[in-house]
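[1] Pasting a predicted model and its sequence here:
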Amino acid sequence: MPTATGESVWPPPSSPSEESQEDREARLEQEKEAKRVSDAIDLDLNAEKEAKKKNVHGAKILLLGQAESGKSTILKNFQLHFSPNAFHAEAEIWRPVIHLNLVRSVNFIINMLAPRSASGTTSPTLTYPLNDSIRRLFFSLAPLKSVETSLTKRISGSLSPVILDNSSTSADSPYAHYHPAKASEISVRSGVGWKGLLKFRRQSGSSSETHSPEDIQNRRIISACADDIIALWRSPGVQEKLRQEDVFLKDQPGFFLEDIERISKVDYLPTPDDVLRARVSTIGPEEHHIPMENSLENGGNDWIIYDVGGDRSQRAAWAQFFDDGKFNYVSLLIAFNQALAEDETVNRLADSMKLWRMICSNKLLASVDLILLLNKIDILDAQLKAGVQFSKYVTSYRDKPNETEAVAKYLLDMFTSLHKQHSTKKRKMHPHLTCAVDTKATAAVITHIQELILIKTLAQTNII
Ligand SMILES: Nc1nc2c(ncn2[C@@H]2O[C@H](COP(=O)(O)OP(=O)(O)OP(=O)(O)O)[C@@H](O)[C@H]2O)c(=O)[nH]1
Ligand SMILES: [Mg+2]
């Protein structure tokens, strides 16, 4: 239809006076439909805006659980899943940690075999019935003590490292880190930001930290000691002594003695699998932003994961996070069967139940949904297959089948019922059995958590 200026506009304005009843109804119906579509688009845009503002497309998850339950390992899985390039790029930073885990296992064995007085203190005058070949290995592996000191210093920065109090000898002793059943661990304060420190050193200056003379020296020593480490580890006498002492080094975190040939190579670069198995215990809460490398994931928003130290001396620091407005989910990780490193009289499962009750009944967390991860399911499986009787630890299990599926179901039922009993408000709980060192299986759990977050976001913005 031409206007006064000769232009045509489309659609032509309707002239209601000329409109038939039928046309009018059709027009009103069309206008209603157009408004509905336009409102839906507005709602969608608003939801996206709100989501961006509150970062609700991304998730905020607080990881809780005992020491060694696998919190930091789950965090690494999130990083690998959402930021794979960054994860691979920083693999090299984990090499000193993996080497430190390795030399600590070796030094642990040497300390265990070292001459010892009845009081438990080391004494060079007492002789332990060592055969000549093991004696020779003591000498050839002696440089690993200085490698341990050097790596510990590097990872902890200028601050002295925090060694978990599992040493049974005086700090001045050369065997200060000896524990009757466990290699000592390095703990890193979040403030030190050891990864940042190593990254910074790596990036600054031409002589990068991963190629500094000290680093090269450490790697050469480890490489030169490789054959003797293998000889020590495979020696029947050593294996027998470990059995006598009830030490299961293979089941301990940060066990790399079976990988020595590969990881002692001077040009060794850790694989994702190695990174997941590396052990550094966490001290103090850490906030980790995980950027989405695939911008289509989670609306491109970072996920924020809070990781805490699970050692009992660390738990007071958890309280600052008890605010249900802060998180989409709180996740408790539980692991099975071993005693706590910090108090061997406390069974891990009993301690986990106590933690779970505390989380469920906490009024400040009353409306936050919970994710329960029954982790280290592979270890549970291996232990049951090796003949460990679950009913010995949980007497109420009585004579039910000593098999992984039945035991896992029993545990999940037990934690589900505690959740029902102790939650002050109705809220959801999502249980999973996990093996955090299995990236494929853990990816499926992460995808499920992603779906939960998406559904929750859509529900909050009234889209569903
Ligand atoms: N076999 C096995 N090992 C696991 C699993 N999850 C974690 N680990 C290992 O257990 C060790 C401890 O895991 P971390 O993630 O450091 O434990 P954490 O809960 O962060 O411990 P803290 O920082 O001390 O509170 C690491 O060496 C992991 O590689 C699992 O499902 N199976
Ligand atoms: Mg940790």
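    That came through, no problem. Ligands and ions are numbered 1, 2, ... in the order given.
[2] Give the helix, strand or coil label for residue 431.
    Classification of residue 431 by DSSP: H, G, I helix; E, B strand; the rest coil places it in strand.
[3] Can you give me the neighbour number for residue 42?
    Residue 42: 10 surrounding residues under other Cβ atoms under 10 Å. For every residue, glycine as well, the C-beta is placed using N, CA and C.
[4] Distance check, it against residue 28.
    Applying Cβ to Cβ, to the nearest Å, the value for residue 42 to residue 28 is 21 Å.
[5] what's the spacing between residue 310 and residue 261?
    Applying Cβ to Cβ, the value for residue 310 to residue 261 is 33 Å.
[6] higher neighbour count, those two?
    Using other Cβ under 10 Å, the more surrounded residue of residue 310 and residue 261 is residue 310, with 26 against 11.
[7] Distance-wise, check the residue lying closest to that one once chain neighbours are set aside relative to residue 374.
    With Cβ to Cβ, 6 or more residues apart in numbering as the criterion, residue 310 has its nearest non-adjacent residue at 4.0 Å, and that residue is residue 67. Between residue 67 and residue 374 the computed distance is 17 Å (Cβ to Cβ).
[8] now swap in residue 282 and tell me
    Residue 282 sits at a distance of 20 Å from residue 374 (criterion: Cβ to Cβ).
[9] same question, residue 156
    For residue 156, the distance to residue 374 (Cβ to Cβ) stands at 32 Å.
[10] before we move on, what about residue 305?
    According to Cβ to Cβ, residue 305 stands 19 Å off from residue 374.
[11] Residue 446 too?
    16 Å.
[12] Of the two, which one has the most company?
    More neighbours surround residue 374 than the other of residue 446 and residue 374, with 22 against 17 (other Cβ under 10 Å).
[13] which ones are touching the closest residue to the more buried one other than its chain neighbours?
    Spatial nearest neighbour of residue 374, excluding adjacent residues (Cβ to Cβ, 6+ apart): residue 433 at 5.0 Å. Contacts for residue 433 (Cβ atoms under 8 Å, 6 or more residues apart in numbering) come out as 374, 377, 408, 412.
[14] Is residue 103 located within a strand, as I assumed?
    No. Using three-state DSSP, the assignment for residue 103 is helix, not a strand.
[15] Could you number the chain from 41 rather than 1 from now on?
    Sure, I'll start numbering at 41, so the last one becomes residue 143.
[16] Please state the mean pLDDT value computed over the helix or strand containing residue 76.
    Assessed by DSSP states H and E, residue 76 sits inside helix 61-94. Regarding helix 61-94, the rounded mean pLDDT is 72.
[17] and what of stretch 462-480?
    For stretch 462-480, mean pLDDT is 93.
[18] Check the separation of the first and last residues in that stretch.
    33 Å (Cα to Cα, to the nearest Å).
[19] How about that stretch and ligand 1, any contact?
    Yes. Interface with ligand 1: stretch 462-480 contributes 475-477 (Cβ under 6 Å from any ligand atom).
[20] out of these, which is most surrounded?
    Neighbour counts for these, by other Cβ under 10 Å, peak at residue 476, which reaches 26 neighbours.
[21] Now do the same contact list for it.
    Counting by Cβ under 8 Å, 6+ apart, residue 476 touches 110, 113-114, 117, 316, 415-416, 482.
[22] cool, and residue 102?
    Here residue 102 is in contact with 346, 348, 361, 366-367, 369-371 (Cβ under 8 Å, 6+ apart).
[23] Just those residues: which are in helices?
    Of those, none are assigned to helices by DSSP state H.
[24] okay if I get those residues as a markdown table plus distance to ligand 1, pLDDT and neighbour count?
    As requested, the contacts of residue 102 are exported to a markdown table (distance: Cβ to the nearest ligand atom, whole Å; pLDDT from 0 to 100; neighbours: other Cβ atoms under 10 Å):
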| residue | distance to ligand 1 | pLDDT | neighbour count |
| --- | --- | --- | --- |
| 346 | 12 | 92 | 21 |
| 348 | 7 | 92 | 23 |
| 361 | 14 | 87 | 17 |
| 366 | 20 | 77 | 16 |
| 367 | 18 | 80 | 19 |
| 369 | 17 | 85 | 19 |
| 370 | 15 | 86 | 23 |
| 371 | 11 | 84 | 22 |
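[25] Report the entries of the contacts of residue 476 that also contact ligand 1.
    With the criterion set as Cβ under 6 Å from any ligand atom, the members of those near ligand 1 are 110, 113, 316, 415-416.
[26] For residue 461, which residues are in contact?
    residue 400.
[27] ok, now the one 4 residues further on?
    Contact partners of residue 465, counting by Cβ under 8 Å, 6+ apart, are 406-407.
[28] How about residue 432?
    For residue 432, no contacting residues are found, by Cβ under 8 Å, 6+ apart.
[29] what about it, which helix or strand?
    Residue 432 is part of helix 430-433 when elements are defined by DSSP H and E.
[30] again with residue 393
    Per DSSP H and E: helix 388-401 holds residue 393.
[31] I would like the residues contacting that helix, please.
    With contacts defined as Cβ under 8 Å, 6+ apart, helix 388-401 is touched by 104-106, 109, 370, 372, 374-380, 405, 410, 412, 433-434, 451, 454-455, 458-459, 461-464.
[32] Please put the alpha-carbon coordinates of the helix or strand just after it into CSV.
    The helix or strand immediately downstream of helix 388-401 is strand 409-414, counting by DSSP H and E. Output in CSV follows, covering the C-alpha atoms of strand 409-414 (Å, rounded to 0.1, in the frame of the first residue of the first chain):
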residue,chain,number,x,y,z
ASP,A,409,21.1,-30.2,47.5
LEU,A,410,23.7,-32.8,48.2
ILE,A,411,25.8,-35.1,46.1
LEU,A,412,27.1,-38.2,47.8
LEU,A,413,30.2,-39.8,46.1
LEU,A,414,31.1,-43.2,47.4
